[in-house]
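> Take this sequence and fold it.
(4 chains)
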Protein chains: 2
Amino acid sequence: MAQKVNSTIHEIARHAGVGVGTVSRVLNDSPNVSPTTREHVLKIIAERGYRPKTAAKVLRTSKTHVIGFITDEIATTPFAGNIIRGAQDAAWEQGKILLLVNTNFNADILQAAIETMLDRQVEGIIYATMYHHAVTLPSIIYEVPAVLLDCYAEDRSLPSVVPDEVLGGRTATEQLLHKGHRRIGFINDIDLIPARFSRLEGYQQALAACQIDFDASLVCYHSPQPTGGYQGCMVLMSLPNPPTAIFCFNDRMAMGAYDALRELHLTIPNDVAVIGFDNMDVIAANLRPPLTTMELPHYAMGQWAVNYLIEHTARPATGAPRQAKLACPLIERASI
Amino acid sequence: MAQKVNSTIHEIARHAGVGVGTVSRVLNDSPNVSPTTREHVLKIIAERGYRPKTAAKVLRTSKTHVIGFITDEIATTPFAGNIIRGAQDAAWEQGKILLLVNTNFNADILQAAIETMLDRQVEGIIYATMYHHAVTLPSIIYEVPAVLLDCYAEDRSLPSVVPDEVLGGRTATEQLLHKGHRRIGFINDIDLIPARFSRLEGYQQALAACQIDFDASLVCYHSPQPTGGYQGCMVLMSLPNPPTAIFCFNDRMAMGAYDALRELHLTIPNDVAVIGFDNMDVIAANLRPPLTTMELPHYAMGQWAVNYLIEHTARPATGAPRQAKLACPLIERASI
DNA sequence: CTGTTAGCGCTTTCAG
DNA sequence: CTGAAAGCGCTAACAG
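Numbering: from 1, shown residues only, chains lettered A, B, ... in the order given. Down below sits the predicted model:
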C-alpha cells in the first residue's frame, strides 16, 4: 500500500521557491497570483502529490462543509435509501458531505451523536425518521441549525419537511373518481399516526368536491400489513352495496387486498380498482396487475432538508421555523 | 436558536485558575490530575458549556476517527439500508463515525469522493456495491486502507467481503433434499454474475453429496424478475418429469414462480416446494405461503468491513489481502 | 500533580 | 502580485 507521506504547504513553498501565502493562494484559486507562478506551483504540487489537510483549514476557517445526518432507524423499510440518496445528492452538489449516525431509537446514542457532531462543527444537523410522526429531540439540538425530515416537533420549534398526506389522500381518491367510481372504499391504518387522519381528510375532500356523501361504512381500519388489507377488503366487499374501487393506506395492504379480491374471483381493475400508497416498488411494480400508487417523497425530502439547511445557515432564520409539506407523486400502473 | 459561543481551552483554564495542560488532561481522562482539580475543572467546563473542537485535536493528533463509506448506488434495492446499518453499528461501537458518499456510478464523483476523504484524513475507506461483482477502483484508493464490500478487485489487490454464494446455493438445495425432494429445479439468473455460477455450483455440490445425478434440464436461466421466475417455473413444470421442488435465484423470481404455480393449481409446499434467495422481507414475509429463503448477509458484511478496517489499520497488513466470504443464513418460513 | 511552551498545517492580514 | 508573520484550539513533552 503506497502510503505516500503527505507534504505540508511549507515544503511546497520551499520547493517552488515561493512563500506559503502564495501556495495557499493558488490552492484557493485566488486571482492575485500571476499565471506563471500559479503554473509553477501547481506543477510542484502535482509532482509531490500534495494534499492540503482539511483539519488545518477547518481550524483556521471554521468551515467544515459537513452536514450531520441522523436517522432514528434504518432498514426496516426500503425508504431509508431514498432519503439518504436525496440528502447526499443535494449535499454533494453544494460541496457538502454527510456525517452519518443511525441511533436505533437509542436516546443515549442520539445525544452522543449530536454532541460529537457539534464537536466536529457540522454546519447543521438533519434528523430523519422512517415514517411521519412527531418527535422530541434533546435540547442540545438547538445549538446548531437543524431540520426534521419526515417528522416534526410538536411545538413546531424546528423546521421540518413531511409528505403532504392530505393532498396525497385527495389525489389518490381523485384518480378513482376520474375513472368514474362513485363508491370508493378506504382501508385505513388502525394506528393513530398523522397519515391516518390526513389521508382520510384528503379522501373526504375529494368526495366532497364531487358532491358525494361520505359513507362511514366505506372506511375501515386495520393493521398496515397484507393481512390487514386482506381483512379490510373482505369486510368492504361483503357490504350490501360494495365499493367498485378501493384506496389502500399502503402498498402492503394493497397486496393483501389483491389476495382477497382474487379469492372472491374479482379482477383488478375491471371488477374493482385498487390504489395504494408508498410506492414500495418491490411490491407495487411486481403485483399483478402492477399497482397504481402514491409515492412518498423520500428523495425530495432528503434534498429539501439539505437545501433548506444550507440556505438558512448563512442568513439568520426569519420568523417561525418553516414546516414544509411535499406532494406525493402519483405513480400510474395498471390497477385502476 | 441558542447558538452559544463556544469557549476555548484557554478560557476554561483561566476561569478555573489552572493551566491549559491540566484542562487538556481532564478532557482526556489522564490519570495525572488530582480528583479535586478534576472536579473543579469539570464544573467550569459544564458551566460554560465548553466543547473541545475536533478539528484542533485532529490537527494535533492526526487521528480523525472517521471512516469513509462510499456506495456505488443506493436505493434500487432495500439492501443498502442493512449494509449501512451494519457498518454504522460496528463503527459507533468502536468510537468511529461514517462519512458517506454515494456515487451513482459516476467515476468523477468516485474519484472526488476518495480525494476529499483523503484530505479529511479518514482512517480508511469502505467501498460498497449493491450486488456481488468485480469492480475496478481508481488507483488513488491505494493511498489509504480500503475494503470492498459485496464486491472484489479482479486482481485481489484489496481486501473484500462478499456472500458465500456456493455455500448459500448448497444450503438452499440441502433444505429441499432434507424434505425428501429428489427432483429439484433451479431457476437461475440469466446474467453472467458471480452469484449465478456459484449458487449453481452449490446446488450441484448438494446433489452430488446425495448421489443424485445432475440433470441439466432441471436448471433454466431467466431474467431475475417475477416474470423470469414465472417463465422458468412454467418450463420446469411442463417437463415430462417435473420437479417437486424449485430453488429460485432470488425472491422476486420466487414471486413469479408462485404466480405460475397458482395458475397451474399447484399448492405450495404440498405440490411443489419453493425456496428463494435474498430475503427481501417485503416479498418473502408477505407471500402466501411465506417464503423460505436464504438471507444475504448485508448487515454482517457492513460490520465485517469496518471491523476489519479498524483492526488492520493499526498494524501493517500481513500477506495477501483478505478475501472473506460470509454465510447466508437460512430464513425458514412456510414454502418448503 | 501541574504550568509553560512549542508546534500540528493552514489562511489571512499587512507590508512591500 | 508576493513574502512574512500571526494565530485558529488543542496536545504533548518538559520542567518543576
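
> residues from chain A in reach of DNA strand D?
Within chain A, the positions adjacent to DNA strand D are A:17-22, A:25, A:31-34, A:36-38, A:56, A:59-60 by Cβ under 7 Å from any atom of the strand. C-beta: built from backbone N, CA, C; applies to glycine.

> In helices only, show me the residues you listed.
Applying DSSP state H to the residues of chain A next to DNA strand D, the entries found in helices are A:20-22, A:25, A:36-38, A:56, A:59-60.

> And the furthest pair within those residues?
A:36 and A:59 (31.3 Å; Cβ to Cβ).

> which one of the two has more residues nearby?
Between residue A:36 and residue A:59, counted using other Cβ atoms under 10 Å in any protein chain shown, the more crowded position is residue A:59 (18 against 8).

> And chain A, what are its domain boundaries?
A:9-60, A:66-164+A:298-328, A:165-295 (automatic domain parsing).

> got a winner among the ones in helices among the residues of chain A next to DNA strand D for most neighbours?
residue A:22 (22 neighbours).

> Quick one, grab the pLDDT at that residue.
Note on residue A:22: pLDDT of 93.

> wait, isn't it in contact with residue A:44?
No. If you go by Cβ atoms under 8 Å, residue A:22 and residue A:44 don't touch, sitting 11.1 Å apart.

> shared neighbours, those two?
residue A:16 (Cβ atoms under 8 Å, 6 or more residues apart in numbering or on different chains).

> Low-confidence bits of chain A, can you list those?
Residue ranges of chain A with pLDDT under 70: A:1-5, A:315-317.

> Longest strand in it, by number of residues?
For chain A, the longest strand by residue count, based on DSSP state E, is strand A:125-135.

> separation between the residue lying closest to residue A:201 once chain neighbours are set aside and residue A:226?
Closest residue to residue A:201 apart from its sequence neighbours, by Cβ to Cβ, 6 or more residues apart in numbering or on different chains: residue A:166 at 5.1 Å. Noted for residue A:166: a distance of 26 Å to residue A:226, by Cβ to Cβ, to the nearest Å.

> thinking again about what came up before, enumerate the positions of the longest strand of chain A that are buried.
Residues of strand A:125-135 classed as buried: A:125-133 (neighbour count, 16 or more other Cβ atoms under 10 Å in any protein chain shown).

> Kindly indicate which of the residues you listed lies nearest chain B.
residue A:130 (9.5 Å; Cβ to the nearest Cβ).

> any idea how far residue A:292 is from DNA strand D?
Distance of residue A:292 to DNA strand D, computed by Cβ to the nearest atom of the strand, to the nearest Å: 56 Å.

> Next, the contact list for that residue, please.
A:175, A:274-276, A:330-336.

> filter those to the buried ones?
A:175, A:274-276, A:330-331, A:333, A:335-336.

> Okay, and which of those residues map to helices?
Of these, the ones assigned to helices by DSSP H are residue A:175.

> so can I have a markdown table of the buried ones among the contacts of residue A:292 showing distance to chain B?
A markdown table is the format used below for the buried ones among the contacts of residue A:292 (distance: Cβ to the nearest Cβ, whole Å):
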| residue | distance to chain B |
| --- | --- |
| A:175 | 24 |
| A:274 | 16 |
| A:275 | 18 |
| A:276 | 13 |
| A:330 | 20 |
| A:331 | 15 |
| A:333 | 14 |
| A:335 | 15 |
| A:336 | 20 |
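
> Sticking with residue A:302, tell me its helix or strand.
helix A:298-314 (DSSP states H and E).

> what comes up buried for that helix?
The neighbour-count check on helix A:298-314 (16+ other Cβ under 10 Å) flags A:298-310, A:312 as buried.

> go on, stretch A:157-177?
Here stretch A:157-177 shows A:157-177 as buried, counting by 16+ other Cβ under 10 Å.

> which residues touch the nearest residue to residue A:298 once chain neighbours are set aside?
Spatial nearest neighbour of residue A:298, excluding adjacent residues (Cβ to Cβ, 6+ apart): residue A:82 at 3.7 Å. Listed by Cβ under 8 Å, 6+ apart, the contact set of residue A:82 reads A:298-299, A:302, B:75.

> re earlier: can you give the strand pairings for the helix or strand that the helix holding residue A:302 is followed by, parallel or anti for each?
Under the assignment DSSP H and E, the closest C-terminal helix or strand after helix A:298-314 is strand A:323-326. Under the criterion DSSP bridges, strand A:323-326 sits next to strand A:160-163 (parallel) in its sheet.

> Convert the C-alpha atoms of the partner strand to PDB, please.
Output in PDB follows, covering the C-alpha atoms of strand A:160-163 (Å, rounded to 0.1, in the frame of the first residue of the first chain):
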ATOM      1  CA  SER A 160     -39.400  20.300   9.200                       C
ATOM      2  CA  VAL A 161     -40.300  18.600   5.900                       C
ATOM      3  CA  VAL A 162     -43.000  15.900   5.700                       C
ATOM      4  CA  PRO A 163     -45.200  14.400   3.000                       C
END
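
> Pull the residues that contact it.
With contact meaning Cβ under 8 Å, 6+ apart, strand A:160-163 is reached by A:132, A:147-153, A:194-195, A:296-297, A:301, A:304-305, A:308, A:321-328.

> I'd like to know which of the residues you listed are buried.
By 16+ other Cβ under 10 Å, the contacts of strand A:160-163 give A:132, A:147-153, A:194-195, A:296-297, A:301, A:304-305, A:308, A:321-322, A:324-326, A:328 as buried.

> if we can go back for a sec, name the SS class of the residue nearest to residue A:201, please.
Under DSSP: H, G, I helix; E, B strand; the rest coil, residue A:166 falls in the helix class.

> and if you look at residue A:98?
Reduced to three states by three-state DSSP, residue A:98 is strand.

> For the buried residues of strand A:125-135, give me TSV that also has distance to residue B:264.
As requested, these are exported to TSV (distance: Cβ to Cβ, whole Å):
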residue	distance to residue B:264
A:125	55
A:126	50
A:127	50
A:128	45
A:129	44
A:130	39
A:131	39
A:132	42
A:133	44
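
> Thanks a lot, catch you later.
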